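[1] Fold the stuff below for me.
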Amino acid sequence: MAGKTGSVGLTVGLYCICSGGMLVINKVTVAFLGVPALITIAQFAATSLGVLLGAKCGLLTVDPCEWSKIRHFGIYVLAFSGGTWSNMKVLMVSNVETVIVFRACAPLIVCMFDYHFHRRALPSFRSIVAMLLIGAGAICYVVNDRSFRAEGPTAYFWVLVWFSLLVFQLTYAKHLVTGIGLKSVWSSVLYTNTLAIVPTALIGIFSGDFSQISRVEWSMPGIAVLMLSCCVGMGISFAGFKCQQLITATAYTVVGVMNKMLTVTINVMIWDKHASGIGIASLCVCLLGGSLYQQAPPRAPAVLDKRGAYTELTEPEGASTPRKEEGSTV
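    This is a model prediction of the structure:
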C-alpha cells in the first residue's frame, strides 16, 4: 500500500511540474513563433518519435497496434487536437490567468459527469461550498479582467471552445486508460499523439495558421523554447494518462487545478501581461475552492426490489465499503 501511495505521489508530482510549466512555456513559444498549429504538431511528433525510440531501445513498453484498441482513441484524439490547438489560440488573445480560472471551474462540470457516467455520489456540503467559492472567484475575475472589459464576451470565445473540449477529455480519458485493456500507459501516449497530428494539421490549414509560417523569424532562442516545449509535452502526456489510471476523473481534475498556483507564481514573476491585483485575488479564491473540494465516494449498486423498481443498496450484502476513497481529498 505504501508503494502504491508513493507511486501516486510521484506521478501527481510529475504531472504538476509539467502542467504548471507547460502553460508558460507555450506562451513563450507562441510569442516567438506565432503559429499554434505548427507548435502543436511539433510537440505531438516529438512525443510519438520519443516513445517509438524508447520502445525500440527496450526502455519503454508499448502494446501491439490493434484496431480494437486504437479505434477508441478516434473521438478522443479529435477533442485532444482541438483542445490543444484552441489552448494555443487562447494564449494568443488572452493572458495565462484567464486560462487558469476557467480550468479551476472544470471540477464543477466533471463531478456531474462522474455522477452520471462513473456512478459517483452527489457532492457533499463541503464540496458544494468549494464549488460556490470557485464560481464566485471566476465571476469576480471575469468582471475585472482587462480582456473582458476591452473586447467584451468575444474575448472568451476560444476559452469556451477549449473548456468544453477539456471537460470531455477529462471524462472520457478515464475510460481509455482503464476500460479497453491497455497494458502500458505509453500506448495511450503513442496513440493519442500520433493520431492527433493529422487533425491538427487540417485545423492549421483551414484556420490559416500555416499561411503564417513564411513570416516566422527562426532564432536560436525560439528553437530552444520549442524543443523544451516538446520535452515537457512528452512528460505531461505520460504523467497525465498515468494519473488518470491511478485516480478518479474528478480527483485528476482537482489536481490539475491545484498545480496552477505554480503557473501563477511564475507568470507574475516573469510575464508583463499578468492580471490585476483584483484578478489575482479572485484567482486565489478559485484555487482555495479547488483545494477544499472533496471527492465523492462511489454510489451503491442498484438492484431490483420486489416491485420491479431499481433502488440503490446503502450497504451491499457481502461487500465492504471502500473507506479509503470515501471522503478523500486531493
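[2] Tell me which other helices or strands whichever strand or helix holds residue 23 touches.
    Residue 23 is part of helix 2-33, with elements assigned from DSSP states H and E. Helices and strands touching helix 2-33, by 3 or more C-beta pairs under 8 Å, 6 or more residues apart in numbering; DSSP states H and E, are helix 36-56, helix 73-93, helix 96-104, helix 220-246, helix 249-258, helix 260-270. (Each C-beta comes from the backbone N, C-alpha and C, glycine too.)
[3] repeat that for 6 Å
    Counting contacts by 3 or more C-beta pairs under 6 Å, 6 or more residues apart in numbering; DSSP states H and E, helix 2-33 is packed against helix 73-93, helix 220-246, helix 260-270.
[4] and of the ones you listed, who's closest to residue 141?
    Nearest to residue 141, of all the helices and strands packed on helix 2-33, is helix 260-270, at 11.9 Å by C-beta to C-beta.
[5] separation between the residue lying closest to residue 15 once chain neighbours are set aside and residue 245?
    Computed as C-beta to C-beta, 6 or more residues apart in numbering, the closest residue to residue 15 that is not its neighbour in sequence is residue 239, at 3.7 Å. According to C-beta to C-beta, to the nearest Å, residue 239 and residue 245 sit 11 Å apart.
[6] Check residue 79 too.
    19 Å.
[7] ok, now residue 70?
    Distance from residue 70 to residue 245, by C-beta to C-beta: 18 Å.
[8] how close does the nearest residue to residue 105 once chain neighbours are set aside get to residue 37?
    Nearest residue to residue 105, sequence neighbours excluded (C-beta to C-beta, 6+ apart): residue 138, at 5.3 Å. Counting by C-beta to C-beta, the gap from residue 138 to residue 37 is 29 Å.
[9] Likewise for residue 110?
    27 Å.
[10] And for residue 213?
    9 Å.
[11] Between the two, which has more neighbouring residues?
    residue 37 (25 against 13; other C-beta atoms under 10 Å).
[12] how deep is the residue lying closest to the more buried one once chain neighbours are set aside tucked in, by neighbour count?
    Excluding the flanking residues, the one nearest residue 37 by C-beta to C-beta, 6+ apart is residue 204, at 2.8 Å. By other C-beta under 10 Å, 22 other residues sit near residue 204.
[13] In this structure residue 204 contacts residue 212, no?
    No: in terms of C-beta atoms under 6 Å, residue 204 does not count as a neighbour of residue 212; the distance is 9.5 Å.
[14] Confidence-wise, which helix or strand of this protein is lowest on average?
    strand 310-312 (a mean of 50; mean pLDDT, DSSP states H and E).
[15] For the host helix or strand of residue 187, what is the distance to the chain centroid?
    Assigned by DSSP H and E, residue 187 falls within helix 185-195. For helix 185-195, the separation from the chain centroid amounts to 16 Å (computed by C-alpha atoms, centre = their mean, to the nearest Å).
[16] so what's the closest residue to residue 226 other than its chain neighbours up against?
    Nearest-residue entry for residue 226: residue 29, 5.6 Å, with adjacent residues in sequence omitted and distances by C-beta to C-beta, 6+ apart. The contact partners of residue 29, by C-beta atoms under 6 Å, 6 or more residues apart in numbering, come to 39, 225, 226, 229.
[17] 8 Å instead?
    39, 222, 225, 226, 229 (C-beta atoms under 8 Å, 6 or more residues apart in numbering).
[18] residue ranges with poor pLDDT in the stretch 201-330 of the chain?
    For the stretch 201-330 of the chain, the stretches with pLDDT under 70 are 261-275, 301-330.
[19] Tell me how far residue 168 lies from residue 249.
    In terms of C-beta to C-beta, residue 168 sits 11 Å off from residue 249.
[20] Comparing the two, which residue is more hemmed in?
    Neighbours per residue (other C-beta under 10 Å) separate residue 168 from residue 249, with residue 249 holding more: 24 against 20.
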